[in-house]
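[1] sharing a model prediction with you, sequence too.
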Protein chains: 2
Amino acid sequence: MSERIQVLYRVKSDAKSIAARAKAIAVEQSVEMPVEPIDDPFVLNDIVGRVEDIRDLGEGLFEVRIGLAAATTGFEPGQLLNMLFGNTSIQEDVVFYDAEFPRSFAAALGGPRHGLEGIRKRVNAPRRALTCSALKPQGLPAKELAALAARLAEGGIDYIKDDHGLADQVYSPFAERVPAIAEAVAAASAKTGIPTRYLPSLSGNLDSLRKQMRHVVMAGLDGVLIVPLIVGLPAFHTLVKENPDIVFMTHPAFGGASRIRPTFLFGKLFRLLGSDATVFANYGGRFSYTPEECKDLSMAALAPWLGLKSCVPVPAGGMALKRIGELLDFFGVDVMLLIGGSLLATRERITAETARYVEAVRATKA
Amino acid sequence: MSERIQVLYRVKSDAKSIAARAKAIAVEQSVEMPVEPIDDPFVLNDIVGRVEDIRDLGEGLFEVRIGLAAATTGFEPGQLLNMLFGNTSIQEDVVFYDAEFPRSFAAALGGPRHGLEGIRKRVNAPRRALTCSALKPQGLPAKELAALAARLAEGGIDYIKDDHGLADQVYSPFAERVPAIAEAVAAASAKTGIPTRYLPSLSGNLDSLRKQMRHVVMAGLDGVLIVPLIVGLPAFHTLVKENPDIVFMTHPAFGGASRIRPTFLFGKLFRLLGSDATVFANYGGRFSYTPEECKDLSMAALAPWLGLKSCVPVPAGGMALKRIGELLDFFGVDVMLLIGGSLLATRERITAETARYVEAVRATKA
């Protein structure tokens, strides 16, 4: 019998319709046609989706477990997403909740190449939480972004990422911005003795992503930021496979989280494809996740899973400096805090405030 | 002053909070940081998003018009999506409603290379509605899919597309499936005298898409099906640019339509990037759009817009043969009807039923 992915969908329904609705989802996400005219036994037994279980969660909500044949994905990231939630994403009564993959997916897709341990090692921080900030606003020329990066690095921060809005715009072209910032960070690093890492944001099609990756390597960098749902999962995963020495931090933009549980999308699917560090919208900021959702997501990113390396949870989005203590209590030390705008808002005090942020995090040990 | 894209977001809010909320969205979709510490006049004047208008739609819903600087997109499809609805897609109170683009976007992105007129010309159908069906179920070997395609073509259908679930799986590898089906369709075409077209579904990363495109051309075909939200908008648009002679039909999978108005995503954005024919979930089928939404989407795909070619609306999804008359009354003749499962369900009568379908559509003239 063929291997199956076990997918959990949460479906709004009444009790007397749910069995038929579950069957319809199983068909939609596999053969997408009436089952009656199919007479090929291989298709019927090994390809058509199978309703494995239906649980009544109360208040008109049901959890439906469907077994989808692994073979239908071809173990290709785009086709995987298509089979998990292609057509069904358009049906308003369904939320994609979770999936359990056979171990063959770990072997085929590989997950993070570095994970929490690798990301910690790069900045000599074996046990504490990690610090991160972002270069903004877009519109500044490369030189000013580099000066800003230097001030953050002089405060001793671990990771500095481009804002995901920094692409290849005329006012700070990638090929000009990245070496300038890399050099500024390296110079600051030489002063502080702290191996601060800079993660440029990659964008465009696969040709452009590869070209940008060559600039990254030429600039002596060893990590990047990428937005999988914008560049496409196939392009993201191709880069991961081609660049085993590069750390990949993922950004959640275009995640439309109301229809896919964030734990699955950012905590598991991005990890399966090779994200070493997954940025997500933290509770209490500009986004609408609850503390429980954030804890759940970060645990999914870190938990032992299919033998894959862990993926660093990176809570972000309107995080204030005064929340550091609370966030470390909440997430523990297996975390990278990403504080962007509220550091940038301290203007001329930015290096001192960065140092304060860094100190607060360094003081917390496992 | 720099060019701006005018974006309409629909926001749930109360009257006293909407001004601040609108401002927050304008910032989120541009500089993504507090505006106060920004002192660069170029960034303040030409980059930060601008609230242009707020309309109270009643019942706690507001329409917010925001001007986003065209320059922030770099005229690159992925970065465009990022700027339009990257972070905001994660905020549950916002639906992306629509956008008006400066004409520079038409020049940079180009829209459909063939459009309604080109798609009609290929099948010698200058004035009537067009017919289409889909090859399913996945799991069948190439030979059986080819036999099925032949039976549809013998019924005189205009276009036959792969199910978007057909990728490059072991049971019907692309390189084997496509020439086999192309040959079967050509043979049937020679018998009927009707120039039926076959559109294979492309998948994978850009390398794989390009390789598949070479197989398409080698098989003598001149059109394809693609899923932009799965392969990624950058990859989709790259293929369009590289293959001006190929007709591109787009599939809406992973569209998660509850947060982006389908009219914009499938009727306008896919058109701007070069879709010649846009498949969408029709009303009254398995999906939840209303007749008004479907009419609106198809009008957006066809209407004069930025000097672009039109894009053929392709209503699909659980469409029954008995609805042909109703659908032609509703959509008129500038449409391609896509009837898949309910044709396949007629089993041994499939060629005769296809002929009946084709005849019903041919009988309707503008």
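    That came in fine, so what should we check first?

[2] identify the residue of chain A closest to chain B, quick one.
    Taking Cβ to the nearest Cβ, chain B has its nearest neighbour within chain A at residue A:232, 1.9 Å off. Every C-beta, even on glycine, is put in place using the N, C-alpha and C of the backbone.

[3] nearest spatial neighbour of that residue, skipping sequence neighbours?
    Using Cβ to Cβ, 6 or more residues apart in numbering or on different chains and skipping residues adjacent in sequence, the residue nearest residue A:232 is residue B:232, 1.9 Å away.

[4] let me know the pLDDT of the one you found.
    pLDDT, residue B:232: 94.

[5] quick one, what contacts it?
    If a contact means Cβ atoms under 8 Å, 6 or more residues apart in numbering or on different chains, then residue B:232 has A:78, A:205, A:230-235, B:78 as its contacts.

[6] stretch A:266-278 near chain B at all?
    No: for a cut-off given as Cβ under 8 Å from any Cβ of the partner chain, stretch A:266-278 has no contacts with chain B; the smallest distance is 9.8 Å.

[7] now the residue of chain A closest to chain B. Its backbone dihedrals?
    Residue A:232 has phi and psi values of phi 100, psi 140 when expressed as degrees, to the nearest 10.

[8] next one: it from residue B:234, what distance?
    If you measure residue A:232 against residue B:234 using Cβ to Cβ, to the nearest Å, the figure is 7 Å.

[9] what do these two both touch?
    With contacts taken as Cβ under 8 Å, 6+ apart, the residues that reach both residue A:232 and residue B:234 are residue B:78.

[10] isn't residue A:248 up against residue A:276?
    Yes: counting by Cβ atoms under 8 Å, residue A:248 does reach residue A:276; the two are 5.2 Å apart.

[11] now do the shared contacts for the two.
    Contact with both residue A:248 and residue A:276 is made by residues A:112-113, A:223, according to Cβ under 8 Å, 6+ apart.

[12] most surrounded residue in these?
    The most crowded member of the shared contacts of residue A:248 and residue A:276, judged by other Cβ atoms under 10 Å in any protein chain shown, is residue A:112 (27 neighbours).

[13] residue A:14 belongs to a strand, doesn't it?
    No: checked against DSSP: H, G, I helix; E, B strand; the rest coil, residue A:14 lies outside a strand; its state is coil.

[14] can you count the residues close to the residue nearest to it when sequence neighbours are not counted?
    Among residues not flanking residue A:14 along the chain, residue A:60 sits closest, at 6.5 Å (Cβ to Cβ, 6+ apart). Residue A:60 is flanked by 13 other residues according to other Cβ under 10 Å.

[15] can you check residue A:145 too?
    Taking other Cβ under 10 Å as the neighbour definition, residue A:145 ends up with a count of 24.

[16] check the one 5 residues further on too.
    Counted with other Cβ under 10 Å, residues neighbouring residue A:150 total 22.

[17] and it, that one's in a helix?
    Yes: going by three-state DSSP, the assignment for residue A:150 places it inside a helix.

[18] return the residues of the stretch 51-200 of chain A in contact with chain B.
    Taking Cβ under 8 Å from any Cβ as the criterion, the stretch 51-200 of chain A approaches chain B at residues A:71-74, A:76, A:78-79, A:81-83, A:85-87, A:89-93, A:136-140, A:144, A:163-165, A:167-171.
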